[in-house]
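Visitor: just coords:
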């Protein structure tokens, strides 16, 4: 018996549990959960945008005060990032899963390239806008908040910025690794 | 709805084992991850079942979904070393024989994991005993290309098993 035949025997001898009624019930519950989660995701996103828009009008951003403009830019930057993420997840879920593997790999590669572009171009731009808007708000914070709280805001924002930058670079490297694997 | 559910249940029962084996291969023998993948595959089967027009065999269609789902999982990339709960229980009863089996499974998953994502799918379907023509249909390559690739992968795997 050659090595491959031995491998074939090992493959066939794998002990796979029989599909059980309990397993099928778990699967049905999971299907219900996934469907519900998708609906909830849409509701949460739409509500968030609604609340942010209400807030924008509530603070009368159209009055062109510096604070309102900076807040508006921060809200808009966040909204764009959330929307990009939402559209990206939706795009991944809608990839035709039953097409042949070569075609699917092509679509997955394009998706990964898109994600790398989001991580390396879109997100940094959004981050710069967000940080600039936040920086313009600092004198207002300094004037209206206690010294301790102001320092806390500045330090925690810097820490968050560093953590977030690492996270983005980690995500981009992860996508690049997958892309490399798919190109093999 | 009842008819749809009973059709789905039949498909689940008939295809569970082959989907599980494919997922185990992509998960490098990580049973927990393979179970998650199997669930993911059948969720996709459920949500796409109404698009299946019967132009190919249902198994061909399911193999495509299984491999594509596993490819998507590359993005999560969280495999753990080979652990087979059933096997671990057996170790107590037939220690020596199971140790040897465990070693063989470990060797098999290790060698499969060294292949590219597409070659993994090709060889796992070959191991499943699918006709090369059907493998070509699932992968989306010419029959000739599949034959050449299988030959090459077999050599690669044999070398891996021989030299560790």
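Guide: Here it is on my side, so go on. Bear in mind that the values here come from a model prediction, so they are computed numbers and not experimental data. Residues are numbered from 1 along each chain as shown, chains lettered A, B, ... in the order given.

Visitor: Tell me the secondary structure at residue B:49.
Guide: For residue B:49, the secondary-structure state derived from DSSP: H, G, I helix; E, B strand; the rest coil is helix.

Visitor: Can you give me the neighbour number for it?
Guide: If you count neighbours by other CB atoms under 10 Å in any protein chain shown, residue B:49 ends up with 15. Heads up, the C-betas are built off the backbone N, CA and C, glycines and all.

Visitor: how deep is the closest residue to it other than its chain neighbours tucked in, by neighbour count?
Guide: The spatially closest residue to residue B:49, leaving aside those adjacent along the chain, is residue B:8, at 6.3 Å (CB to CB, 6 or more residues apart in numbering or on different chains). Using other CB under 10 Å, residue B:8 is surrounded by 18 other residues.

Visitor: burial measure for residue A:155, as a count.
Guide: Other residues within reach of residue A:155, judged by other CB under 10 Å, total 10.

Visitor: What segments of chain B are helices?
Guide: Under the criterion DSSP state H, chain B contains helices at B:2-26, B:31-48, B:58-73, B:85-93, B:95-113, B:117-128, B:132-139, B:143-163.

Visitor: mind listing what residue A:183 touches?
Guide: Applying CB atoms under 8 Å, 6 or more residues apart in numbering or on different chains, one finds that residue A:183 lies in contact with residue A:109.

Visitor: So for it, what's the pLDDT?
Guide: Each residue has a pLDDT score; the one for residue A:183 is 81.

Visitor: Okay, it and residue A:105: tell me how far apart.
Guide: Separation of residue A:183 from residue A:105 (CB to CB, to the nearest Å): 9 Å.

Visitor: Around residue B:144, how many other residues sit close by?
Guide: With neighbours defined by other CB under 10 Å, the count for residue B:144 comes to 10.

Visitor: what's the closest residue to chain A within chain B in contact with, if anything?
Guide: Among residues of chain B, the one nearest chain A by CB to the nearest CB turns out to be residue B:140. It sits 3.0 Å away. Contact analysis of residue B:140 by CB under 8 Å, 6+ apart lists A:99, A:100, A:101, A:102, A:103.

Visitor: and if we set it to 6 Å?
Guide: Under the criterion of CB atoms under 6 Å, 6 or more residues apart in numbering or on different chains, the contact partners of residue B:140 comprise A:100, A:101, A:102, A:103.

Visitor: ok, and the closest non-adjacent residue to the last one?
Guide: Counting by CB to CB, 6+ apart, residue B:140 is the residue found nearest to residue A:103 once chain neighbours are left out, at 5.7 Å.

Visitor: which SSE is residue A:37 in?
Guide: Per DSSP states H and E, residue A:37 falls inside helix A:21-58.

Visitor: Only the buried residues of that helix, if you could.
Guide: Under the neighbour-count criterion of 16 or more other CB atoms under 10 Å in any protein chain shown, helix A:21-58 has A:23, A:24, A:27, A:28, A:30, A:31, A:34, A:56 buried.

Visitor: What residues does chain B have near chain A?
Guide: Near chain A, the residues belonging to chain B are B:13, B:16-17, B:20-21, B:39, B:42-44, B:46, B:48, B:61, B:64-65, B:67-68, B:71, B:74-75, B:86, B:104, B:108, B:116-117, B:121, B:127, B:139-140, B:154, B:158, B:161 when assessed by CB under 6 Å from any CB of the partner chain.

Visitor: out of these, which are buried?
Guide: Buried residues within those, defined by neighbour count using 16+ other CB under 10 Å: B:16-17, B:20-21, B:39, B:42-44, B:46, B:61, B:64-65, B:67-68, B:71, B:74-75, B:104, B:108, B:117, B:121, B:127, B:139-140, B:154, B:158, B:161.

Visitor: Okay, residue A:104 and residue A:96: tell me how far apart.
Guide: Counting by CB to CB, the gap between residue A:104 and residue A:96 amounts to 8 Å.

Visitor: of those two, who's got more company?
Guide: Here residue A:104 and residue A:96 are set side by side on neighbour count (other CB under 10 Å), and the busier one is residue A:104, at 24 against 12.

Visitor: any idea which helix or strand carries that one?
Guide: Taking DSSP H and E as the criterion, residue A:104 maps to helix A:101-117.

Visitor: what's the answer for residue A:79, then?
Guide: helix A:66-93.

Visitor: Would you mind listing what in chain A touches chain B?
Guide: Those residues of chain A that sit near chain B, judged by CB under 6 Å from any CB, are A:3-4, A:7-8, A:10-11, A:14-16, A:19, A:27, A:30-31, A:34, A:97-98, A:100-104, A:108, A:178, A:181, A:184.

Visitor: hmm, try it at 7 Å
Guide: In this structure, chain A approaches chain B at residues A:2-4, A:7-8, A:10-11, A:14-16, A:19, A:24, A:27, A:30-31, A:34, A:97-105, A:108, A:178, A:181-182, A:184, judged by CB under 7 Å from any CB of the partner chain.

Visitor: Only whichever of the residues you listed are buried, select them in PyMOL.
Guide: Restricted to the buried members of the residues of chain A next to chain B, where burial is judged by 16+ other CB under 10 Å, the PyMOL selection command reads as follows:
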select buried, chain A and resi 3+4+7+8+10+11+14+16+19+24+27+30+31+34+97+98+99+100+101+104+105+108+178+182
